[in-house]
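1. sequence isn't available, so here's the structure alone:
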């Protein structure tokens, strides 16, 4: 299975990693590592996580307060948002 970021999700990822790196050197890389681990889990069993809106699913990160919202498009996983838990719920819905 392949995966790709929605352009705004990629921007969220980059901004969050940069912010963590400014807080403590190396923390941004740890954040990116966890995102990579979560994407790996999603790729192995994409239907494991529950649907939250139509065909959109969510997978919570363990070490950082983020959720990855995604949907399955045939053999492609489309990552719609890398969302901090403090963000307004559903802000990513216009990306559908």
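-> Cool, got the structure. Every value quoted in this text rests on a predicted model; they were computed, and no experiment measured them. Numbers count the residues shown, from 1 in each chain.
2. spatially nearest residue to the residue most central in space within the chain, not counting backbone neighbours?
-> Nearest to the mean C-alpha position of the chain, by C-alpha atoms, centre = their mean, lies residue 68 at 2.8 Å. The shortest distance from residue 68 to any non-neighbouring residue, by C-beta to C-beta, 6 or more residues apart in numbering, is to residue 59 (4.9 Å). (C-beta placed from N, C-alpha, C; glycine too.)
3. pretty sure that neighbour sits in a strand.
-> Yes. Secondary structure of residue 59 (DSSP: H, G, I helix; E, B strand; the rest coil): part of a strand.
4. ok, it to residue 20 distance?
-> As judged by C-beta to C-beta, to the nearest Å, residue 59 and residue 20 stand 19 Å apart.
5. cool, residue 96 as well?
-> From residue 96 across to residue 20, the span is 28 Å (C-beta to C-beta).
6. same question, residue 91
-> From residue 91 over to residue 20 (counting by C-beta to C-beta), the distance is 20 Å.
7. residue 7 too?
-> 21 Å.
8. among those two, which residue is more densely surrounded?
-> Per other C-beta atoms under 10 Å, whichever of residue 7 and residue 20 has more neighbours is residue 20, with 18 against 9.
9. let me see the contact set for the more buried one.
-> 27-28, 30-31, 64 (C-beta atoms under 8 Å, 6 or more residues apart in numbering).
10. quick check, pLDDT for it.
-> As predicted, residue 20 sits at a pLDDT of 98.
11. tell me the SS of it?
-> helix.
12. measure it to residue 93 for me?
-> 26 Å.
13. and if you look at residue 4?
-> Taking C-beta to C-beta, one finds residue 4 at 19 Å from residue 93.
14. show me what the nearest residue to residue 13 once chain neighbours are set aside is bridged to.
-> Once flanking residues are discounted, residue 13 sits nearest to residue 82: 4.6 Å by C-beta to C-beta, 6+ apart. Taking DSSP bridges as the rule, residue 82 bridges to residue 68.
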